[in-house]
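Undergrad: Structure, please.
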Amino acid sequence: MPYYRITIWVKDRPKPLTGIREMKEFNIDVVNYNIEREIYRTISEQNLIDYEVCMLPKNCTAVKVYLNNTYRKRTGMKAI
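TA: Here you go, the predicted model:
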């Protein structure tokens, strides 16, 4: 399953909200549409500046860190 980095710029925060999500969909246009609907449902349109969705390769450092963190959360191990 592909991994996507989602970045959201909001007016009341100096830094953007950033996260990585694993989704079953390979078509980035469909993922972009679904994320857009979710953003407009949770964040007011007046507060939103912009958002970005990009697909990440599985061997990317950010994906490896994400997988490591989710594995540690599932198994209950502490981060080093």
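Undergrad: Settle this for me: V10 is touching T42, isn't it.
TA: No. With contact defined as CB atoms under 8 Å, V10 does not reach T42; the gap is 10.8 Å. The C-beta positions use only the backbone N, C-alpha and C, and glycine is treated the same way.
Undergrad: Between the two, which is the more surrounded one?
TA: Taking other CB atoms under 10 Å, V10 and T42 do not tie; V10 has more neighbours (17 against 9).
Undergrad: what's the spacing between the more buried one and Y71?
TA: In this view, V10 and Y71 are 30 Å apart by CB to CB, to the nearest Å.
Undergrad: Repeat that for P14.
TA: Distance of P14 to Y71, given as CB to CB: 31 Å.
Undergrad: Looking at the two, which is more packed in?
TA: A direct count of neighbours by other CB under 10 Å for P14 and Y71 places Y71 higher, at 10 against 5.
Undergrad: Can you classify the residue nearest to the more buried one when sequence neighbours are not counted as helix, strand or coil?
TA: Counting by CB to CB, 6 or more residues apart in numbering, Y71 lies nearest to M77, which is 7.8 Å off, once chain neighbours are set aside. Using DSSP: H, G, I helix; E, B strand; the rest coil, the structure places M77 in coil.
Undergrad: residues near M77, how many?
TA: Residues lying near M77 (other CB under 10 Å) number 10.
Undergrad: cool, and T75?
TA: Per other CB under 10 Å, the neighbour tally for T75 reads 7.
Undergrad: Over to E25?
TA: Counted with other CB under 10 Å, E25 comes out at 14.
Undergrad: Relative to E45, how far out is it?
TA: When E25 is compared with E45 (using CB to CB), they lie 25 Å apart.
Undergrad: And for D12?
TA: For D12 relative to E45 (CB to CB), the value is 14 Å.
Undergrad: same thing with L56?
TA: 27 Å.
Undergrad: Those two - which one has more neighbours?
TA: Neighbours per residue, other CB under 10 Å: of L56 and E45, the larger number sits with L56, 16 against 7.
Undergrad: residue contacts, that one?
TA: Neighbour list for L56: P2, Y3, Y4, R5, I20, A62, V63 [criterion: CB atoms under 8 Å, 6 or more residues apart in numbering].
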